[in-house]
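Would you be able to build a 3D model of this:
(chains A and B)
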Amino acid sequence: MLIKRKEFLQIGTLASASLMMPKFLKAFEKKDLVTPGNKVLIVLQFSGGNDGLNTVIPIRNDIYYRSRPKLGIQKEKALQITDEAGLNPALPFFKELFDEGSLGIMNNVGYPNPDRSHFRSMDIWQSASDSNQYISTGWLGRYLDAQCSGCDKPTQALEIDDVLSLALKGENLKGLALRDPKKLYSSSNERYFKEINAAHNHEEAAVDYLYKTLSETLNSADYIYEQSRRHPSSESYPATQLGKNLKTISSLIFSDINTKVYYVSLGSFDTHVNQENQQKRLFTELNDAISAFVKDLKNNNRFQDVTLMTFSEFGRRVAQNASGGTDHGTANNMFFIGGGLKQKGLINAMPDLIDLNQGDLKYTVDFKSVYATLLHNWLEADDEKVLGKKFERMNFI
Amino acid sequence: MPLSNQLKNQHLLWRAAFGPMIENVNQLSEVSQKELYKILLKTSSKKPTALNVASNTYDGLVKGIQDLGQMQKLTQEQKKQLRKQSADDIKNLNLTWLSEMINSEAQLREKMTLFWHGHFACRVVNIYFQQQLLNVTRENALGNFGDLLREVSKTPAMLSFLNNQQNRKQHPNENFAREVMELFTMGRGNYTEDDVKEGARAFTGWGFNLRGEFIQRPFQHDNGNKTFLGKTGNFDGDDIIDIILEQKATAKFITQKIYKFFVNDEGADVDKIESLSEGFYQSNYDLQKLMNNIFLSDWFYLEKNIGTRIKSPVELIVGIRRLIPMELEKPEAQLLFQKVLGQILFYPPNVAGWPGGKNWIDSSALMFRMRLPQILTNSEEFLITPKDDDDVMMGKEGVDKMSKPHQLNVNVDWNSVVDTFNTIKKENLQQKVNDFVLQTKNSINPNVLKRYTDNTSREGFIKSSIIELMSTPEYQLC
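From the prediction side, this is the model:
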């Protein structure tokens, strides 16, 4: 006889007793662990290769319009920010940010010998490797290794997702992925897991590693959930995935949690066909979510402590393709949003559309320089140690 | 305490195969490791039947193409359709191979294939290419490494993944030559940048036609002299592979990697690797001999090598399914498991393959691993949305993107599980189940376990014990 019904198992059916309060959780309760001005970095990944040229539009460049007779965004439609640049019409709030000095735009960011495969180029951006190098750790994971060695909590870097990205995997420490604090809490709130964890005697290295991860997860789940309910955001956010994710992040920022880095993704920007509508839909989601988020941060007087950075694994080709879209390209622009920017507006020159490499933009800023700047100037970390070598730091923050 | 014969046999089955099956419960205490390994060799000795899941459209199209002209006649829409069909077929290939790992007699061969699948990591969304590469790997997995290397290097999958189709006389593309040396054979430090350049020149002209057949294109081949690893001549790709195989560094690199995968990911001391790789080299790269030297040794069965290796997601899924016979109404859920746990067959993270070991484990992955036995056997609902794969989706909304909880309808054959333990006395049952499920030196605290087992019936006890023991950090190890 085959059995096809819910077998009765006691796992998970009983509420958490939460009897054992681990010692490091107690340590968290000391409020002075988190400074009031705790600086936070939010990394927003545009998955799929966002078309940078239709994001920050070179409105006075004839080559742009010649290369994109259908897809080019007319000067009148673009939200003009300087004589030569306009923002995508679906990003009106970004124009507001620009006007008030809370938006920085870095053009032509890329790396030598660019790879046009999504997964490989994403791998390169997340691991901060050279394009012929394979590293199995991510830049933010190595930041955890460097900053957090000896500390007992993986909550310093959180990804708002079901699966943890390479970017947050370090050699010894890893960030924690959660869709939302409540879901993490309920999925780890198994008395059985807690009890085997409590009863475990650390002995053999491999088992010990797993129990360490288990113990961190269970404790962090409680900790994050508790923190998220401390000062939940009262702002209304759009009912999109990004809106929900940013609301989760703001609630955590307003708490006393020790998180320094949040990681969140939006996509897919892989606009080979019918780019206009797809990019518009994603940018509207982006614009509205960021608008609510910034308002929320300002109302709670935390905007000056937050920097949000956007990136994509590559930009797209200068010329449109035959299907109303664009194909995989190379260098791209990045946004920085926050109340602590030192350089605002267009930080460097718009892309050079004359000097191309087989129809693709040449990069002028290595993305690892951007990482080095954020690591050193904003997160006060040893950028050289995290990135494995010295990259020129910039002054935008 | 000396290690039990059963533990050692299970160790062999976890490493040289995908773990014990339920019917092995009562067989493993008597047989010796040597005998068991013989059985594994024997069941893997036949040439495997090639897997073929490519849909008729794709198959027909690829085989029907005679020249480039026809491919160019395809409209954008047709090309898109083809790509989607290909991605769907690769999912089928994934599930078909997974099912081989679970059910096939040729366990050692499939396990070796999984090793090579990570070693010759290749990510191209072309079912025809992927299927061919898998079949080449399965055929040679236990044969001669030189043959395997040569055949894999000539597959369209690898040639296109590593851009050798673009490697032409006067316009060399070094990617292929570099990875062959760095990742497939010798490893860094055993060649120079000049060797990469000269090797790439020798590989010029290696490519494939639209029917997926290897070809040497004489007009694109650089016929000049090349100096490669100290030798000079008008080398072609085959000569380069010969020279690479002459290097002891190749034998050593492969031996080390095999040791880490099959024995202990901490690696071995210099002497052991030295003697194993010397034997491998002297045998002219006979893989079966190398595996014999490992699995028939005493040191393979040392305590430090047992229950200390973190199972890969595929090993975890397959291992559970071998121990608990079940039928999945929606087998494609296993693709989602692979994705959430970070190992999708045919989609390695990059050409270096899956890093493995501790890299498999982070908070969310561990929680999912520990819930997987319940999800599979309990039909526990789960809601999880992994990120889309842009290489496959091309900007379209993912099909496995779901906002509702997944419900797996799984038919578990608990009867045969329970029957297997028929002869065991009640007081020994707990220990027996424990010893069969876990490989680690220490188990779960029995008092804790007792509180969660269903003690109302023998059947309930066996079921709940197995699932509880699988829902632990210990079960992640083999």
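
need the strands for the chain, in chain order.
No chain in the question, so chain A it is. Taking DSSP state E to define them, one finds strands in chain A at A:40-47, A:56-58, A:79-80, A:85-87, A:103-110, A:157-160, A:176-178, A:261-267, A:306-312, A:332-338, A:345-346, A:365-366.

The intended chain is chain B.
Taking DSSP E to define them, one finds strands in chain B at B:206-208, B:214-216, B:226-228, B:231-233, B:326-328, B:410-412.

Run a quick neighbour tally on B:Asp413.
16 (other Cβ atoms under 10 Å in any protein chain shown). (Each C-beta comes from the backbone N, C-alpha and C, glycine too.)

for the residue nearest to the spatial centre of chain B, what are its contacts?
Computing the C-alpha centroid of chain B and ranking residues by Cα atoms, centre = their mean puts B:Leu114 first, at 2.1 Å. With contacts defined as Cβ atoms under 8 Å, 6 or more residues apart in numbering or on different chains, the neighbours of B:Leu114 are B:101, B:314-315.

one more time with 10 Å, if that's ok
For B:Leu114, the residues meeting the contact criterion (Cβ atoms under 10 Å, 6 or more residues apart in numbering or on different chains) are B:18, B:97, B:101, B:137, B:141, B:261, B:312, B:314-315, B:318, B:343, B:345.

could you dump the strands of chain B to a markdown table with mean pLDDT and mean neighbour count?
Listed next are those as a markdown table, based on pLDDT from 0 to 100; neighbours: other Cβ atoms under 10 Å in any protein chain shown:
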| stretch | mean pLDDT | mean neighbour count |
| --- | --- | --- |
| strand B:206-208 | 95 | 22 |
| strand B:214-216 | 95 | 14 |
| strand B:226-228 | 97 | 20 |
| strand B:231-233 | 97 | 12 |
| strand B:326-328 | 93 | 16 |
| strand B:410-412 | 90 | 19 |
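
neighbours of residue 101, just the number please.
Using chain A here. The burial count assigned to A:Gly101 is 12, neighbours taken as other Cβ under 10 Å.

could you do chain B instead?
In terms of burial, B:Met101 registers 23 neighbours under the definition other Cβ under 10 Å.

Same check on the one 3 residues further on?
Applying the criterion other Cβ under 10 Å, we find 17 residues in the vicinity of B:Ser104.

who touches the closest residue to it other than its chain neighbours in this structure?
Residue nearest to B:Ser104 in three dimensions, not counting chain neighbours: B:Glu110, with 5.5 Å by Cβ to Cβ, 6 or more residues apart in numbering or on different chains. For B:Glu110, the contacting residues are B:17-18, B:44, B:48, B:97-98, B:100-104, B:117, B:138, B:141, B:318, by Cβ under 10 Å, 6+ apart.

Report the buried members of those.
Under a neighbour-count criterion of 16 or more other Cβ atoms under 10 Å in any protein chain shown, the subset of the contacts of B:Glu110 counted as buried comprises B:17-18, B:44, B:48, B:97-98, B:100-102, B:104, B:117, B:138, B:141, B:318.

Show me these that map onto helices.
Counted as lying in helices by DSSP state H, out of the buried ones among the contacts of B:Glu110, are B:97-98, B:100-102, B:117, B:138, B:318.

Find the nearest non-adjacent residue to B:Asn9, please.
Nearest to B:Asn9 is B:Leu28, by Cβ to Cβ, 6+ apart, at 4.3 Å.

How about the contacts made by that neighbour?
B:Leu28 makes contacts with B:4-10, B:12-13, B:20, B:36, B:435-436, as judged by Cβ under 10 Å, 6+ apart.

what's the distance between A:Leu210 and chain B?
Using Cβ to the nearest Cβ, to the nearest Å, one obtains 4 Å as the distance from A:Leu210 to chain B.

got the contact list for the residue nearest to that residue when sequence neighbours are not counted?
In this structure, A:Leu210 finds its nearest non-sequential neighbour in B:Pro473, 3.6 Å apart by Cβ to Cβ, 6+ apart. For B:Pro473, the residues meeting the contact criterion (Cβ under 10 Å, 6+ apart) are A:193, A:196-197, A:200, A:206-215, B:310, B:361, B:366, B:369-370, B:440, B:444.

Would you confirm that A:Glu313 contacts A:Gln126?
Yes: judged on Cβ atoms under 10 Å, A:Glu313 makes contact with A:Gln126 at a distance of 8.7 Å.

Quick check: neighbours shared by these two?
Overlap between the contact sets of A:Glu313 and A:Gln126, as judged by Cβ under 10 Å, 6+ apart, is given by A:Gln45.

So which of these two has more stuff around it?
For the pair A:Glu313 and A:Gln126, the greater number of neighbours falls to A:Glu313 (28 against 24), based on other Cβ under 10 Å.

Run through the residues that contact the residue found closest to A:Asn172 once you drop the neighbours it is linked to in the chain.
Take A:Asn172 and drop its neighbours on the chain: the residue closest to it by Cβ to Cβ, 6+ apart is A:Asp145, 5.3 Å away. Taking Cβ under 10 Å, 6+ apart as the criterion, A:Asp145 is in contact with A:137, A:169-174, A:385-386.

between those residues, which is closest to B:Asp195?
In terms of Cβ to Cβ, no member of those lies closer to B:Asp195 than A:Thr137, at 28.4 Å.

hmm, back to that, find me the pLDDT at the residue nearest to B:Ser104, would you?
Among the per-residue scores, B:Glu110 shows a pLDDT of 98.

From B:Gly319, how far off is it?
Counting by Cβ to Cβ, to the nearest Å, the gap from B:Glu110 to B:Gly319 is 13 Å.

Rebuild the contacts of B:Leu114 as CSV, extending it with pLDDT and distance to A:Val109.
What follows is the contacts of B:Leu114, written out as CSV (pLDDT from 0 to 100; distance: Cβ to Cβ, whole Å):
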residue, pLDDT, distance to A:Val109
B:Phe18, 98, 45
B:Trp97, 98, 40
B:Met101, 98, 43
B:Thr137, 98, 39
B:Ala141, 98, 43
B:Phe261, 97, 38
B:Ser312, 98, 35
B:Val314, 98, 36
B:Glu315, 98, 40
B:Val318, 98, 42
B:Gln343, 96, 31
B:Leu345, 97, 34
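
Return only those of those residues found close to chain A.
Of the entries in the contacts of B:Leu114, none also sits close to chain A under the rule Cβ under 10 Å from any Cβ of the partner chain.

Please tell me how far stretch B:19-38 is from the chain's geometric centre.
Per Cα atoms, centre = their mean, to the nearest Å, the displacement of stretch B:19-38 from the mean C-alpha position of its chain is 23 Å.

Kindly apply the preceding question to stretch B:46-56 instead.
Averaged C-alpha coordinates place stretch B:46-56 at 17 Å from its chain's average position (Cα atoms, centre = their mean).

For it, buried residues please.
B:48, B:51, B:53-54.

now, the most widely separated pair of those?
The largest separation in the buried residues of stretch B:46-56, counting by Cβ to Cβ, is between B:Pro48 and B:Ala54 at 17.0 Å.
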